[in-house]
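Trainee: sequence-free structure coming up:
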């Protein structure tokens, strides 16, 4: 640590009953035990340099990109001084602030950011009153092996010199490549190569000028209409740098649609003006230092319709250009509108600043822009700034969900002129929307000792995005700040928005242990938005073993099912997923609540989660308690497991009441129930049942194979239509990816001779149909043909069946 102590400053004052005297003897300053002199307190200022966490460093040497912590400490006669102003200067890097008050430890702490520093050394100076202290610091290039490549960029201009992305076939465009070093100095006399995918260029290679520019003309024709890509390349130390841009060559007969840029004010389009959230188009925009501000633009055509194509809009301001404010610089339009958030960091300073926020977009080779002036109040008048919203996403009121909340705490910071927390300052809050019953409380509050103040936003019944505006009065001036967007979204899953998907419906599992399936479940709320992350989904299975639960991320999660005991005789097992949710509401009046106007219970659902009832009227679909339909008959049987949500000790049938939290009707039931989804999985055997059939009779099967006894005769010149029925040993589908093939030793065979079993849980066997033809001529003797079927399971188990057919 580089610590430099400033020289002590002493001040002596002479005083006495008769004023000052020029004859003071051998002790002109008085004796130690005299009472005719006073010694001023000893003030000391020390300066320490640490890392970004203010930890001690052995040497004040940092890499470019690092941040240094600068701590100045003031003591008076060895006692720390709090609340004193220390001024800082540095010949390198950027200080977080230039003036800082000492804290209760007598320390004034600032940070030196080296992101924009050039490698080198300089001096940091801290000054308090007439006392100063200095320390040296240096910033080095972190890795001397790092190669800093030049920057190559490419633009296209029309004949008027305007940067464009479209030109017509009858005009010439100019491709301009700019080549600069890492310090933005131009690179002269470098060879830049140009290529285009449509049209041609006037020269393939060009030298850069003193300004680092190389140009080539883009020469289109009527045969080059359409979009293309231009590429500029430069070889630097055996590395090829490239810059590309997309462009379009249009017919010279194209007439561009007239597009206007502006904003909507109470539903009316106002051309040529940037929109500010919370302000009408004729209001002056005044924000506090450090505040955030929502800005917006809209694009409409000559008919007043919003421009449907999504295109990038560039937002900027003077403060942003000076790196003293932030803004979402590039935002793509959605439904003809683009929104961005402006954040003042340090632009206001001590005098305030009138910034100009602008938005620019290029459409049909034309650049449109709008702007609006905003006044950022000086820090001397205090400031209010958004801190955070916790959580930043809340669920629809009354729907709940694991680890989900319908209330968010939104916090703002109010500071005094010098940046210190301002306590006991009244702040008023309001929402920019109350759709669906959105509300906040309290509407006004006082800041605490740290200058922070909070209000609570409670979600309504409709998904939306909302901002909180905080307003306070300081020195008869009203200043305000807006929160970031707070999202109101999903809640509990509803019954028709839960799904189940195994990775295979028919694994080879009846006689093999350890084969695994991935079972994926998804759940969404009544708006079909994913349920909150962390929602628990529970699983049960009739056969094999399955992980008991998983928690959702983006509305889905997966568990592993493993083949094992128990197994069932028909090889068909039911797998079920359940979650705490609510019955499906078909809302008649769009208020997202069940009320009497929506209609009554829609009956007819089995509730087994396998069959899905699709309603054709409004109301709610009435469900019993969740149960697992192991025999797939659609009716609850006493031997089948159920999920006792109401803890009654017995299975509860559909009750005719709406079971869900969003209920305001005469027929409200429980606030929730188990939503469920089930699917049948086949635990297929490795071995197969095989049967050859004619169009009328069974000819052979592998349960009682016929051996070498002929089972069919086909006359010369004739044929027989045959089929092979195949299934697993319980007459269920064979395992997915099982392969089946049919061959014959004599005669002609055609038709469906090969198959691979798909993922399926359809009951019964599958068939291949083929034709066996007797190809013998009159001179040939009768013979026999062996028709063979071969089945190979995914694990390699084979099953075969042969039959003998006489060819007469």
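Mentor: Everything's here; your move. No experiment lies behind these values; they were computed from the predicted model shown.
Trainee: any weak-confidence spans in the stretch 151-300 of the chain?
Mentor: Scanning the stretch 151-300 of the chain for pLDDT under 70 picks out the ranges 252-257.
Trainee: What separation is there between the spatially closest residue to residue 708 that is not a sequence neighbour and residue 341?
Mentor: Nearest residue to residue 708, sequence neighbours excluded (CB to CB, 6 or more residues apart in numbering): residue 804, at 5.7 Å. (Glycine included, C-beta is placed from N, CA and C.) Noted for residue 804: a distance of 82 Å to residue 341, by CB to CB, to the nearest Å.
Trainee: quick one on the thing from earlier: host element of the residue nearest to residue 708?
Mentor: Per DSSP states H and E: residue 804 is located in strand 798-807.
Trainee: Of all the residues in that strand, which ones are buried?
Mentor: Within strand 798-807, the residues scored as buried using 16 or more other CB atoms under 10 Å are 799, 801-805, 807.
Trainee: What average pLDDT does it get?
Mentor: Strand 798-807 carries an average pLDDT of 97.
Trainee: if we can go back for a sec, could the buried residues of strand 798-807 go into TSV alongside distance to residue 141?
Mentor: Listed next are the buried residues of strand 798-807 as TSV, based on distance: CB to CB, whole Å:
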residue	distance to residue 141
799	72
801	78
802	80
803	83
804	87
805	86
807	89
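Trainee: still on that earlier bit, so which elements touch the strand holding residue 804?
Mentor: Packing contacts for strand 798-807, counted by 3 or more CB pairs under 8 Å, 6 or more residues apart in numbering; DSSP states H and E, involve strand 688-693, strand 698-701, strand 710-714, strand 783-792.
Trainee: Looks like residue 293 contacts residue 341 (just checking).
Mentor: Yes - using CB atoms under 8 Å, residue 293 is in contact with residue 341, at 7.2 Å.
Trainee: More neighbours: these two, which one.
Mentor: Of the pair residue 293 and residue 341, residue 293 is the one with more neighbours under other CB atoms under 10 Å, namely 24 against 19.
Trainee: Tell me if I am right that residue 496 is in a helix.
Mentor: Yes - the assignment for residue 496 by DSSP: H, G, I helix; E, B strand; the rest coil puts it in a helix.
Trainee: neighbours of it, just the number please.
Mentor: There are 20 residues near residue 496, going by other CB under 10 Å.
Trainee: Return the residues in contact with it.
Mentor: Each residue near residue 496 by CB atoms under 8 Å, 6 or more residues apart in numbering is listed here: 584, 612, 621.
Trainee: Which pLDDT value goes with it?
Mentor: On the pLDDT scale, residue 496 gets 93.
Trainee: What spatial separation is found between it and residue 199?
Mentor: 54 Å.
Trainee: Residues in a beta bridge with the closest residue to residue 442 other than its chain neighbours, which ones?
Mentor: Distances taken as CB to CB, 6+ apart place residue 455 nearest to residue 442, at 6.1 Å, with adjacent residues excluded. Beta-bridge partners of residue 455, counted by DSSP bridges, are residue 410.
Trainee: Residue 455 reaches residue 439, doesn't it?
Mentor: No - Residue 455 sits out of contact with residue 439 when judged by CB under 8 Å, with a separation of 10.3 Å.
Trainee: domain ranges for the chain?
Mentor: Per the record, the chain has its domains at 4-140, 151-250, 259-380, 382-489, 495-682, 688-807, by automatic domain parsing.
Trainee: I'd like the distance from the fourth one to the chain centre, please.
Mentor: Average the C-alpha atoms of domain 382-489, do the same for its chain, and the two points are 23 Å apart (CA atoms, centre = their mean, to the nearest Å).
Trainee: what's the host helix or strand of residue 331 packed up against?
Mentor: Taking DSSP H and E as the criterion, residue 331 maps to strand 330-332. Contacts defined by 3+ CB pairs under 8 Å, 6+ apart place strand 330-332 against strand 312-317, strand 337-344.
Trainee: and for stretch 562-569, what are the contacting residues?
Mentor: Here stretch 562-569 has contacts from 507, 509-510, 512-517, 542-546, 683, 730, using CB under 8 Å, 6+ apart.
Trainee: go with 6 Å
Mentor: 509, 512-513, 515-516, 543-545, 683 (CB atoms under 6 Å, 6 or more residues apart in numbering).
Trainee: Please, where are all the helices along this protein?
Mentor: 318-321 (DSSP state H).
Trainee: tell me the centre residue of it?
Mentor: Centroid-nearest residue in the chain, with CA atoms, centre = their mean: residue 554, separated by 9.9 Å.
Trainee: Find the nearest non-adjacent residue to that residue, please.
Mentor: Using CB to CB, 6+ apart and skipping residues adjacent in sequence, the residue nearest residue 554 is residue 530, 5.4 Å away.
Trainee: List the contacts of that neighbour.
Mentor: Neighbours of residue 530 in contact, by CB under 6 Å, 6+ apart: 524, 554-555.
Trainee: ok so, going back, partner strands of the strand holding residue 804, with direction?
Mentor: In the sheet, strand 798-807 lines up against strand 710-714 (parallel), strand 783-792 (antiparallel) (DSSP bridges).
Trainee: Quick one: closest of those strands to residue 182.
Mentor: Nearest to residue 182, of all the strands paired with strand 798-807, is strand 783-792, at 63.6 Å by CB to CB.
Trainee: Averaged pLDDT, that closest one. What do you get?
Mentor: The model assigns strand 783-792 a mean pLDDT of 97.
Trainee: Stretch 622-632 too?
Mentor: 96.
Trainee: Residue 228 reaches residue 201, doesn't it?
Mentor: No - if you go by CB atoms under 6 Å, residue 228 and residue 201 don't touch, sitting 11.5 Å apart.
Trainee: separation between the closest residue to residue 348 other than its chain neighbours and residue 419?
Mentor: Leaving aside its sequence neighbours, residue 348 sits nearest to residue 289 (CB to CB, 6+ apart; 3.7 Å). Distance of residue 289 to residue 419, given as CB to CB: 9 Å.
Trainee: and stretch 299-311, how far from the chain's centre?
Mentor: Centre-to-centre, stretch 299-311 and its host chain are 27 Å apart (CA atoms, centre = their mean).
Trainee: Endpoints of it, how far apart?
Mentor: One end of stretch 299-311 to the other measures 10 Å (CA to CA, to the nearest Å).
Trainee: how about that stretch: buried residues?
Mentor: For stretch 299-311, using 16+ other CB under 10 Å, the buried residues are 299-300, 307.
Trainee: Next: stretch 760-777.
Mentor: Buried, per 16+ other CB under 10 Å, within stretch 760-777: 761, 763, 765-766, 768, 770, 772-774, 776.
Trainee: cool, and stretch 367-380?
Mentor: Residues of stretch 367-380 classed as buried by neighbour count (16+ other CB under 10 Å): 368-370, 372, 374, 376-380.
Trainee: now it: mean pLDDT?
Mentor: 86.
Trainee: want to try CSV for the strands paired with strand 798-807, with mean neighbour count and distance to residue 64 as columns?
Mentor: Listed next are the strands paired with strand 798-807 as CSV, based on neighbours: other CB atoms under 10 Å; distance: least, CB to CB, whole Å:
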stretch, mean neighbour count, distance to residue 64
strand 710-714, 16, 88
strand 783-792, 19, 65
